[in-house]
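Engineer: what follows is a predicted structure for the sequence shown.
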Amino acid sequence: MIKRFTDLLELEPPHWLIDPFCVDAPTVPLYLQEELMDLQSDCEEKAHFTMMGYERFWIAIAGRNKFPNLWKVAKLLVLAFPTSCLVERGFSAVVQLLTKQRNRLDISQCGDLRLLLTDMKPDINGIIDEHHAQVHPSH
């Protein structure tokens, strides 16, 4: 694991990413200073940060299209791990599907891979009830 994720272990996120309200603006790169000062003076954003934590805060910032230069840097760090984790999960699912007994499956066409990668749970009873409602009483 250490060999595979060395780049993530050596990654040092900038201090303004973890807590943008406790960093002096002159310590960040010049092209980010104005947006950081605007962010720090926004009481509403500070309340959001306190409630959400830094990961969700930055994703919310992106959704509101505010502070685009800060988001451009933050997204590389905030989204890096979940994205690589999902890729690894996908590879594991493919390995699980394509065993020796199922080597002729076409996982791109039949939807099995999507079923393995989703967190959604099917409502079996709802599906059964819906099916029974469609059956004509004479059958």
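Structural biologist: Arrived safely.

Engineer: how close does the closest residue to residue 77 other than its chain neighbours get to residue 55?
Structural biologist: Nearest residue to residue 77, sequence neighbours excluded (Cβ to Cβ, 6 or more residues apart in numbering): residue 13, at 5.0 Å. For glycine as for every other residue, the C-beta is placed from the backbone atoms N, C-alpha and C. The spacing between residue 13 and residue 55, counted by Cβ to Cβ, to the nearest Å, is 11 Å.

Engineer: any idea how far residue 31 is from the residue nearest to residue 77?
Structural biologist: Applying Cβ to Cβ to residue 13 and residue 31 gives a distance of 18 Å.

Engineer: now residue 76
Structural biologist: From residue 76 to residue 31 the distance is 15 Å (Cβ to Cβ).

Engineer: got it, and residue 131?
Structural biologist: Taking Cβ to Cβ, one finds residue 131 at 59 Å from residue 31.

Engineer: residue 57 now?
Structural biologist: Taking Cβ to Cβ, one finds residue 57 at 21 Å from residue 31.

Engineer: of these two, who's got more company?
Structural biologist: When residue 57 and residue 31 are compared for neighbours, residue 57 comes out ahead with 19 against 11, by other Cβ atoms under 10 Å.

Engineer: name the nearest residue to that one, sequence neighbours excluded.
Structural biologist: Residue 57 sits nearest to residue 49 (Cβ to Cβ, 6+ apart), 4.7 Å away.

Engineer: residue contacts, that neighbour?
Structural biologist: Contact analysis of residue 49 by Cβ atoms under 8 Å, 6 or more residues apart in numbering lists 19-21, 57.

Engineer: show me where the protein dips below the pLDDT cut-off.
Structural biologist: Along the chain, segments meeting pLDDT under 70 span 1, 4-5, 8-9, 80-91, 93-119, 134-139.
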